[in-house]
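[1] With the sequence up front, the predicted model follows.
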Amino acid sequence: MPHAIVDGTLPFDAFVSITLAILLLFVGKGLAARVGVLRRYGIPEPVVGGVLCAAVACALYYGAGLGVEFDLGMRDLLLLYFFAALGLNSNVRELASGGRLLVVLALLATVFIVMQNGLGMALAGLFGMDPRAGLMVGSISLTGGVGTTLAWAPHFTDVLGFEDAAELGLAANMIGLISACVIGGPIAGWLIRQRPVMPSADAELEVGLLYGDESRTTLDYHAVLLALFWLNVALMLGHAIGGLIAGAGITLPAFVGCLLGGIALRAVGDLVAPKGGRMWRFDEMQPGIALISDMCLGLFLTMALMGLQLWVLQPMLGFIAVAMALQVAMVVAFTVFVVFRAMGRDYEAAVICSGFGGIALGSTATAVANMTAVAREYGAAPRAFLVVPLVCGFVIDLVNALVIGLLAR
């Protein structure tokens, strides 16, 4: 429940925070269904409610001097459930067919990390700062996200002497997160309209439902309960896989283990389903898995955005505004003119382009949310939903750490 105001701050506990997130998600869904421009440009529903809450909190801060803080402890668990569901809906044969796309997208993301940091360092030099400070508006905060920003901030503060490194990185990440949500859908929609590309008619959505099918969907109690059971198993298996990866000296986000756990369970299920009975028939559970994953992703992104404290941007607004405007412009140009062509110029390529903004500016969840919004409007893109999370989970963090380590000396 809300607590008393302390030092100009109004805190909300975890129960109230997630309840408010559910309400905001309803608000976002309602507005997306009624405002044609939001659907036409593929703006994710959680973005509408989450940004609305962040804007109200910002108005309270400037209008009444009152800061709002939410307890977002449930947010990370929701993300793990989502990626476990994505793994359970993955088909190993489809993953193999997307191998070329995986390699090409990984190479493109690597090239873009270098471009991103080059732009940030150049701008920092133009503003009279140490060029290395520009890394905080480059791949550290944008491709890397909050976790990478907080991990590198002590090095910039204690070793390089940049006192406001954490604030600069977090501010850039806030703008990048919102920008990624805003540009992804419009890019894909424009590409789809410019070229007659359409999804496969027999492919099922990995996450959520087509907008026109929502009122006609039926769910089976047994299948939903089984879906929840296997999601919990995938989380436990993912925790074990994450421990093995960490034991090998490799640091990867926790969702990677859950994604791999889900993929492994699905592969086993496809092998034993003919003799193992309904317990292993993941195809029958697909509507339940999609429902749970859609709810988890929506609530995660809503909570991530509603917790943004936009007023922290004020002290470094000039530099951040210029840097982020150019970074976003570079993402749009690179996505339209390079990524779409390299990915095959088809519908899957357009959906991947909607997620590239999440890769380069926001987070894996943002990338998948963008792709989900496009897929719900136009149709399924199975390879895109396999390739993008794997590139984000495996390649980006490793390459980003190597590049930052070389440039931040």
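    Sure, I can see it. Numbering: from 1, shown residues only.
[2] what ranges do the strands span in the stretch 201-350 of the chain?
    For the stretch 201-350 of the chain, applying DSSP state E, counting those that start in this stretch gives no strands.
[3] For it, just list every one of the helices.
    221-247, 254-276, 282-306, 317-334, 340-342, 347-361 (DSSP state H, counting those that start in this stretch).
[4] Just put the ones you listed in TSV and tack on mean pLDDT, distance to G120 and mean neighbour count.
    All C-beta atoms are positioned from the backbone trio N, CA, C, and that covers glycine. Below are the helices of the stretch 201-350 of the chain laid out as TSV (pLDDT from 0 to 100; distance: least, C-beta to C-beta, whole Å; neighbours: other C-beta atoms under 10 Å):
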stretch	mean pLDDT	distance to G120	mean neighbour count
helix 221-247	88	29	17
helix 254-276	80	26	19
helix 282-306	83	23	24
helix 317-334	90	6	17
helix 340-342	93	24	16
helix 347-361	89	12	29
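[5] Would you mind saying which of the ones you listed lies nearest N173?
    Proximity to N173 (C-beta to C-beta) singles out helix 347-361 among these, at 8.9 Å.
[6] What is that closest one packed up against?
    helix 99-126, helix 165-194, helix 317-334, helix 340-342, helix 364-378, helix 382-390 (3 or more C-beta pairs under 8 Å, 6 or more residues apart in numbering; DSSP states H and E).
[7] Name the residues that touch the shortest one?
    Put plainly, it is helix 340-342. Residues from elsewhere that reach helix 340-342 (C-beta atoms under 8 Å, 6 or more residues apart in numbering): 104-105, 108, 191, 349-350, 353.
[8] Between these, which sits nearest T9?
    Nearest to T9 out of the contacts of helix 340-342 is C353 (C-beta to C-beta; 40.2 Å).
[9] And that closest one, how close does it get to M136?
    26 Å (C-beta to C-beta, to the nearest Å).
[10] For M121, grab the count of nearby residues.
    Counted by other C-beta atoms under 10 Å, the residues lying close to M121 total 20.
[11] mind listing what it touches?
    So M121 contacts 131-132, 134-135, 138, 407 (C-beta under 8 Å, 6+ apart).
[12] what about the closest residue to E45 other than its chain neighbours, how many residues close to it?
    Closest residue to E45 apart from its sequence neighbours, by C-beta to C-beta, 6 or more residues apart in numbering: G28 at 4.0 Å. By other C-beta under 10 Å, 26 other residues sit near G28.
[13] Average pLDDT for the strand or helix carrying G28, rounded please.
    According to DSSP states H and E, G28 maps onto helix 14-34. Helix 14-34 carries an average pLDDT of 89.
[14] Over to stretch 138-154?
    The pLDDT scores in stretch 138-154 average 77.
[15] Buried by neighbour count: which residues of that stretch qualify?
    Buried residues in stretch 138-154, counted by 16 or more other C-beta atoms under 10 Å: 138-145, 148-150, 152-153.
[16] Over to stretch 48-67?
    48-54, 57-58, 61, 67.
[17] Now, those residues that are in helices?
    Judged by DSSP state H, the subset of these located in helices is 48-54, 57-58, 61.
[18] Now render these as a markdown table, adding pLDDT and distance to G362.
    Conversion of those to a markdown table gives the following (pLDDT from 0 to 100; distance: C-beta to C-beta, whole Å):
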| residue | pLDDT | distance to G362 |
| --- | --- | --- |
| V48 | 84 | 16 |
| G49 | 87 | 17 |
| G50 | 86 | 12 |
| V51 | 82 | 13 |
| L52 | 88 | 18 |
| C53 | 90 | 17 |
| A54 | 86 | 14 |
| A57 | 89 | 20 |
| C58 | 87 | 19 |
| Y61 | 87 | 23 |
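[19] you'd agree the residue nearest to E45 is up against V48?
    Yes. G28 lies in contact with V48 (C-beta atoms under 8 Å); the separation is 3.7 Å.
[20] how many neighbours does the residue nearest to D71 when sequence neighbours are not counted have?
    Spatially, and ignoring its direct neighbours in sequence, D71 is nearest to A14 (4.2 Å; C-beta to C-beta, 6+ apart). Here the count is done by other C-beta under 10 Å, and A14 has 13 residues near it.
[21] where's A14 relative to A21, distance?
    10 Å.
[22] Also F112?
    31 Å.
[23] quick one on the thing from earlier: nearest to V37, of the buried residues of stretch 138-154?
    L142 (26.2 Å).
[24] list the contacts for the closest one?
    Contacts of L142 by C-beta under 8 Å, 6+ apart are 116, 172-173, 176, 327, 360-362.
[25] Now do the same for it: helix, strand or coil?
    The three-state assignment at L142 reads coil, by DSSP: H, G, I helix; E, B strand; the rest coil.
[26] give me every residue that touches the residue nearest to I359 when sequence neighbours are not counted.
    Of all residues not flanking I359 in the chain, A367 sits nearest, at 5.3 Å (C-beta to C-beta, 6+ apart). Shown in contact with A367 (C-beta under 8 Å, 6+ apart): 180, 184, 355-359, 388-389, 392.
[27] Now with 7 Å, please.
    With contact set as C-beta atoms under 7 Å, 6 or more residues apart in numbering, A367 has these partners: 355, 358-359, 388, 392.
[28] Please apply the same query to C258.
    80, 83-84, 87, 234-235, 238.
[29] nearest to V159, of those?
    When those are compared against V159 (criterion: C-beta to C-beta), the nearest one is L80, at 32.7 Å.
[30] Assign a three-state SS to that closest one, would you?
    helix.
[31] about what we covered before: so the residue nearest to D71 sits against M74, correct?
    Yes. Counting by C-beta atoms under 7 Å, A14 touches M74, with 6.1 Å between them.
[32] what's around D158, how many residues?
    By other C-beta under 10 Å, neighbour count at D158 equals 10.
[33] Name all residues that make contact with it.
    Counted by C-beta under 7 Å, 6+ apart, D158 has zero contacts.
[34] What score does it have for pLDDT?
    We have a pLDDT of 80 for D158.
[35] Got the phi and psi for it?
    Here is the backbone geometry of D158 (degrees, to the nearest 10): phi -80, psi -40.
[36] swap in A380?
    phi -70, psi 150.
[37] how close does it get to A290?
    Applying C-beta to C-beta, the value for A380 to A290 is 11 Å.
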